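Engineer: Just a sequence and a predicted model for now, questions to come.
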Amino acid sequence: MLLTIPSPSDGVWDLGPVPIRGYALCIILGIVAAIWIGERRWVARGGRPGDVQDIAIWAVPFGIIGARLYHVATDWERYFGDGQNPVTALYVWRGGLGIWGGVALGAFGAYLGCRAKGIRFLPLVDALAPGVLVAQAIGRWGNWFNQELYGRPTDLPWGLEIDRSHWPTGCDYPEGSGTCTFEVGTTFHPTFLYECIWNLLAFAVVIWLERRYRLGHGRVLAVYVMAYTLGRGWIEYLRIDDVQLEDVLGLRFNVWTSIVLFVAAAAYLVVMGRRHPGQEDTVYLEGREPAPETDKTDGADEADGAGGADEAVGQPQKDADEVSTDD
């Protein structure tokens, strides 16, 4: 083949005694991107700068724990099967973070943070959801560093090279063989790349739909779930990595998860759209709105003395107040 995608020979670099792992770097960069995008969107919705960073202190640890728990639960034989070491379930740096566990517990952590800061939960998750797609797109490159989550063999020009030591042991390819048998030089579908591209396209679609239909009350989150699961379903079907849970009615467990979540999100989108069209009037709980900033011109006006105060009365002062209110 003239063109292929090579895999890194090593996903870990030693900086003195400190190992720098490509997988961890991608996860961290994804989190930073999600916070940055979420912060800008939150302020645009009327939120206070810094709120998203404060909520992230709650959401990120919960999300990482949830993602790991989901992965271990759906791939438990790798850690608790015969001859396995259960302690390795704690080795997050080796890969293995399930997105839906991360979304579920991450949302729970965000909810706790919202209650503590007097923030409405649904406007916040609507602000954060598109950035999560970008975070997932970046995080998928961590799978490239670990040579994992790839698909069936392919002769396409963008086939992915995988070292023999990373070939799966629990797949069923060729069909019905009960094992994995490949020829030397076989390349595979780069499903990590497919999902990265899909997530970035989904990000653009979600942003467009939000602006076109003024989505609020959790509907941006619903569109995010629908867009992501729509792509995850067909991408998951291509994968031949080590089987996690047993197939159900001929489909992988994660495919069924995508189907169920897509239907649930679509139902929520329709019902909430009828009950609460448009966006929320305020993103804070009643009585917890941030205090308005003091107009800095007030002190200068007082320092002008009586004459300055007389001159400030009237239209010029009104204009200044209006500018301050707009800020």
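Structural biologist: Arrived safely.

Engineer: List phi and psi for Pro19.
Structural biologist: phi -80, psi 130 (degrees, to the nearest 10).

Engineer: Use 576 as the first number from now on
Structural biologist: Right, with 576 as the first residue, what we last looked at is Pro594.

Engineer: surely it meets Leu600?
Structural biologist: No. Using CB atoms under 8 Å, Pro594 is not in contact with Leu600; the gap is 11.3 Å. For every residue, glycine as well, the C-beta is placed using N, CA and C.

Engineer: Give me the mean pLDDT for stretch 671-680.
Structural biologist: Per-residue pLDDT over stretch 671-680 has a mean of 87.

Engineer: tell me which residues of it are tucked away?
Structural biologist: 671-680 (16 or more other CB atoms under 10 Å).

Engineer: neighbour-wise, which of Pro594 and Leu600 wins?
Structural biologist: Leu600 (16 against 11; other CB atoms under 10 Å).

Engineer: Nearest spatial neighbour of that one, chain-adjacent residues omitted?
Structural biologist: Gly717 (7.5 Å; CB to CB, 6 or more residues apart in numbering).

Engineer: swap in Ser584?
Structural biologist: Ser584 sits nearest to Asp738 (CB to CB, 6+ apart), 8.0 Å away.

Engineer: so what pLDDT did the one you found get?
Structural biologist: 90.

Engineer: Repeat that for the one 3 residues further on.
Structural biologist: Model confidence at His741, expressed as pLDDT, equals 84.

Engineer: wait, what's in contact with it?
Structural biologist: 582, 722-723 (CB atoms under 8 Å, 6 or more residues apart in numbering).

Engineer: can you rerun that using 6 Å?
Structural biologist: Counting by CB atoms under 6 Å, 6 or more residues apart in numbering, His741 makes contact with Gln722.

Engineer: Distance of it relative to Trp773?
Structural biologist: 23 Å (CB to CB, to the nearest Å).

Engineer: swap in Tyr645?
Structural biologist: 20 Å.

Engineer: Show me where this structure has its helices.
Structural biologist: 597-619, 626-649, 652-655, 674-692, 696-721, 766-788, 794-813, 828-850, 872-878, 880-887, 890-901 (DSSP state H).

Engineer: which of the ones you listed is buried the deepest?
Structural biologist: helix 696-721 (a mean of 24; mean count of other CB atoms under 10 Å).

Engineer: tell me the angle of it relative to helix 766-788?
Structural biologist: 160 degrees (axes from the mean of the first three to the mean of the last three CA atoms, to 10 degrees).

Engineer: Remind me what helix 696-721 packs against, helices and strands.
Structural biologist: With contacts taken as 3 or more CB pairs under 6 Å, 6 or more residues apart in numbering; DSSP states H and E, helix 696-721 sits against helix 597-619, helix 674-692, helix 766-788, helix 794-813.

Engineer: can you give me how far the second one is from the chain middle?
Structural biologist: Taking the mean C-alpha point of helix 674-692 and that of its whole chain, the gap between them comes to 12 Å (CA atoms, centre = their mean, to the nearest Å).

Engineer: Low-confidence stretches in the stretch 626-775 of the chain?
Structural biologist: 745, 753 (pLDDT under 70).

Engineer: roughly how far apart are Leu824 and Trp831?
Structural biologist: Counting by CB to CB, the gap from Leu824 to Trp831 is 8 Å.

Engineer: Give the residues shared as contacts by these two.
Structural biologist: Between them, Leu824 and Trp831 share no contacting residue, judged by CB under 6 Å, 6+ apart.

Engineer: Torsion angles phi and psi at the residue nearest to Ser584?
Structural biologist: Main-chain dihedrals, Asp738, degrees, to the nearest 10: phi -60, psi 150.

Engineer: follow-up on the earlier one: for the helices and strands packed on helix 696-721, give me a markdown table that also has distance to Pro728.
Structural biologist: Shown next, in a markdown table, are the helices and strands packed on helix 696-721 (distance: least, CB to CB, whole Å):
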| stretch | distance to Pro728 |
| --- | --- |
| helix 597-619 | 24 |
| helix 674-692 | 25 |
| helix 766-788 | 12 |
| helix 794-813 | 11 |
